[in-house]
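> Mind looking at a prediction? Sequence and model below.
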Amino acid sequence: MEEDSTMQFFTNLDRKGIEAKLREVCAMAESGKFTAVAGLLSGTDGKSRADLEQCVKQSISALADTPGSRVLVSNLEMIQVNLANL
């Protein structure tokens, strides 16, 4: 997975934006062979805030210190910040 030097960090995502970003990160995880994380992030549309928080937290933990996962972790952290908007 390519590591970008910069990333737009949004803090105003609504449910639609959060769910779209989760689908994007899930696809990135699948293409990067992070299958466990892709499994955690699949089917998140419509889940409660608590369930989404748990999925994101578990995904970040699963990626801790994993080479090539910086972009995924950064995106998950952005999603985590935006969950307060739900």
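Cool, the structure landed.
> where in the protein is pLDDT low?
Scanning the chain for pLDDT under 70 picks out 1-6.
> residues in contact with the most centrally placed residue in it?
Centroid-nearest residue in the chain: Leu76, 3.3 Å away (criterion: C-alpha atoms, centre = their mean). By C-beta atoms under 8 Å, 6 or more residues apart in numbering, the residues touching Leu76 are Val25, Val56, Ser59, Ile60, Leu63. Just so you know, the C-beta spots here come from the backbone N, C-alpha and C atoms, and that holds for glycine as well.
> where do the helices sit along the protein?
With DSSP state H as the criterion, the chain has helices at 15-31, 35-41, 49-63, 70-82.
> Asn82 - how many residues pack around it?
21 (other C-beta atoms under 10 Å).
> show me the contacts for it.
Contacts for Asn82 were tallied using C-beta under 8 Å, 6+ apart; they are Phe10, Thr11, Asn12, Leu13, Gly17, Ile18, Lys21.
> what about Gly68, neighbour count?
The local packing of Gly68 (other C-beta under 10 Å) involves 13 other residues.
> repeat for Ser61
Neighbours around Ser61, by other C-beta under 10 Å: 10.
> what's the distance between it and Met7?
If you measure Ser61 against Met7 using C-beta to C-beta, to the nearest Å, the figure is 21 Å.
> hmm, back to that, mind giving me the ChimeraX select for the contacts of Asn82, buried ones only?
In ChimeraX syntax, the buried subset of those is picked out as below (16 or more other C-beta atoms under 10 Å):
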select :13,18,21
